[in-house]
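Here is a sequence with its predicted model. Questions after.
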Amino acid sequence: SLFKAESKDKKKTLSTQFKEQLDVLMTTLRATEPHYVRTIKPNAEKIGDLFTAEMVLDQMRYSGLMEVCRIRKLGYPVRKTFKEFVFRYRPLAKGVIKDHGSLAADLEGQKLLKSGEYQIGKSLVFMRNDQANILESKREDSLARVALTMQKAARGFIARRRFKKYTMVLKELEAATKAKDEGKLEKALQNVGILPYLGNHIPVVQKAKETLAHVIEAKKVMKMVDDAIAQRDLAAIERALSAAKEMKLNGGSIKQAEALKATIEKERSTKELLEKAIATNTVDALKKALAEAKKMKMTDHPKAKDAESALQHLEKEEATLKALEAAIKKGDNTAIVTNLTIMAELGNTEHPLVKQGQEKAKQIAKASKAAEKKMKEVERQLKNAVANKDLGALKELNPKVIQYGLKGAVVTEANSLMKQLQAKEDKFG
């Protein structure tokens with residue numbers, strides 16, 4: 001076709017749009033309860049911040065507003081439904097309220113409602129402005145009292161709960177303070193933030209803080225004590241014990257430190273005793289020092305070993321001197337020489353008995369040389385007697401052989417020959 005078909009979405013005309021908008025507006029207005037505002041011009045100049053009283057009063061008179069107010073004042077402008085009346089003014093009642101009538105009677109009995117100032121209709125309660133204002137004023141007072149009662153109850157509840165919390169915190173602090181437990185004290189002191197002024201004015205809190213500081217310091221001191229015990233350092237032990245005494249601490253570690261201190265002091269005293277005994281170098285002093293060392297279980301100490309060596313040296317020296325003295329008395333040259341050798345090894349060659357032994361040994365040596373010469377002569381004569389088979393010579397030499405203690409093959413042969421010759425002589429007489 002020569003012409004296009006008309007579009008289904010035909011454009012609306014201006015009048016159609018206006019009509020539709022008007023319908024929407026009327027629908028909205030019908031769904032509401034319209035209230036009309038009467039405007040009054042404050043001045044004829046139409047400027048701000050200017051109020052012309054006469055002009056405003058004339059407008060109010062001419063618009064009938066003053067007459068409306070007068071008529072309204074003569075009537076019952078305040079209107080409440082029964083439900084609203086009971087709900088709003090029930091707090092003013094002193095008795096049991098069942099409905100609006102019992103409430104009105106109760107209020108009238110209290111002289112809050114005045115006859116003629118209100119009327120009860122079929123569904124509404126009508127009141128004059130003054131009467132409504134009186135009820136509203138009394139209602140506000142009643143609500144204020146109720147609010148105060150509610151506040152009092154709520155504040156009392158909050159205060160009691162807060163007091164319970166305060167009491168619980170303080171009890172925990174007292175228990176932790178009594179136990180002197182660092183962890184419990186720290187945990188309990190974390191809760192003092194809920195107390196007024198952080199509890200700084202409360203003696204329990206103050207004591208808990210002091211106790212915690214004391215416990216922490218005591219822990220440091222006890223560690224110092226344990227370290228001093230481990231090091232066996234007398235100066236460190238004395239410092240630790242002094243700090244513990246100042247803090248009035250006691251316990252196993254303190255007693256152990258005190259015992260260790262006494263032991264170390266005794267060990268030092270024993271060491272000094274050993275050193276003094278070694279310097280004195282007397283048997284009695286060394287024995288006494290070694291007995292004390294044994295008592296203190298210090299036999300492995302170098303000073304104890306030195307003292308033991310010194311005592312052994314002195315005892316050996318004493319025994320050697322006794323043996324030397326006995327050898328000198330006996331004239332035993334071999335024993336004398338042996339003991340002199342031992343004394344020389346011991347490094348004591350200046351002792352008077354050693355000097356005496358040396359002299360005695362020299363004398364015995366000289367006598368020994370002369371005796372040896374005589375023994376050789378007797379032995380030579382004995383050999384000649386045996387060779388000559390001289391019984392008389394053999395008998396003459398026999399006492400000398402015994403005197404000099406001669407032994408050997410020659411003496412044996414001589415004794416045998418002498419017996420044979422004596423037997424022949426006895427036989428042939």
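Arrived safely, thanks for sending.

show me what contacts the nearest residue to residue 186 once chain neighbours are set aside?
Excluding its sequence neighbours, the residue lying closest to residue 186 (Cβ to Cβ, 6 or more residues apart in numbering) is residue 212, at 6.8 Å. C-betas here are computed from N, CA, C, even on glycine. Contact analysis of residue 212 by Cβ atoms under 8 Å, 6 or more residues apart in numbering lists 182, 185-186, 189.

Which among those count as buried?
185, 189 (16 or more other Cβ atoms under 10 Å).

Report all helices and strands that the helix or strand hosting residue 265 contacts.
For residue 265, the element it lies in under DSSP states H and E is helix 252-280. Packing partners of helix 252-280 (3 or more Cβ pairs under 8 Å, 6 or more residues apart in numbering; DSSP states H and E): helix 203-231, helix 234-246, helix 283-295, helix 302-330.

Strands of the protein, start to end?
With DSSP state E as the criterion, the chain has strands at 78-81, 118-120, 124-127.

Relative to residue 356, which of those strands is closest?
Relative to residue 356, the nearest member of those by Cβ to Cβ is strand 78-81, separated by 150.2 Å.

So for that closest one, mean pLDDT?
Strand 78-81 carries an average pLDDT of 90.

that older thread, of all the strands of the chain, which one is nearest residue 171?
For those, the distance to residue 171 is smallest for strand 78-81, at 56.5 Å, taking Cβ to Cβ.

and the closest one, which strands flank it?
In the sheet, strand 78-81 lines up against strand 124-127 (antiparallel) (DSSP bridges).

State the mean pLDDT of the partner strand.
Rounded mean pLDDT across strand 124-127 is 92.

Identify all contacting residues around that strand.
The contact list for strand 124-127, computed with Cβ under 8 Å, 6+ apart, reads 76, 78-82, 85, 100, 104, 117-120, 135.

tell me which residues in that strand are buried?
The neighbour-count check on strand 124-127 (16+ other Cβ under 10 Å) flags 124-127 as buried.

ok so, going back, how far does the helix holding residue 265 sit from its chain's centre?
Offset of helix 252-280 from its chain centre (Cα atoms, centre = their mean, to the nearest Å): 31 Å.

quick one, that helix and helix 283-295 angle?
Orientation check (axes from the mean of the first three to the mean of the last three Cα atoms, to 10 degrees): helix 252-280 against helix 283-295 gives 160 degrees.

hang on, the earlier thing: okay, the contacts of strand 124-127 in CSV with distance to residue 56 and neighbour count next?
Converted to CSV, the contacts of strand 124-127 look like this (distance: Cβ to Cβ, whole Å; neighbours: other Cβ atoms under 10 Å):
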residue, distance to residue 56, neighbour count
76, 28, 18
78, 26, 19
79, 29, 15
80, 32, 19
81, 36, 13
82, 40, 18
85, 36, 22
100, 41, 20
104, 40, 21
117, 31, 17
118, 33, 21
119, 34, 13
120, 39, 13
135, 32, 22
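
Looking at the residues you listed, spot the one nearest residue 223.
residue 135 (79.6 Å).

which residues touch residue 305?
Counting by Cβ under 8 Å, 6+ apart, residue 305 makes contact with residue 299.

Residue 314 versus that one, what's the distance?
15 Å (Cβ to Cβ, to the nearest Å).

doesn't residue 418 make contact with residue 398?
Yes: using Cβ atoms under 8 Å, residue 398 makes contact with residue 418 at a distance of 7.1 Å.
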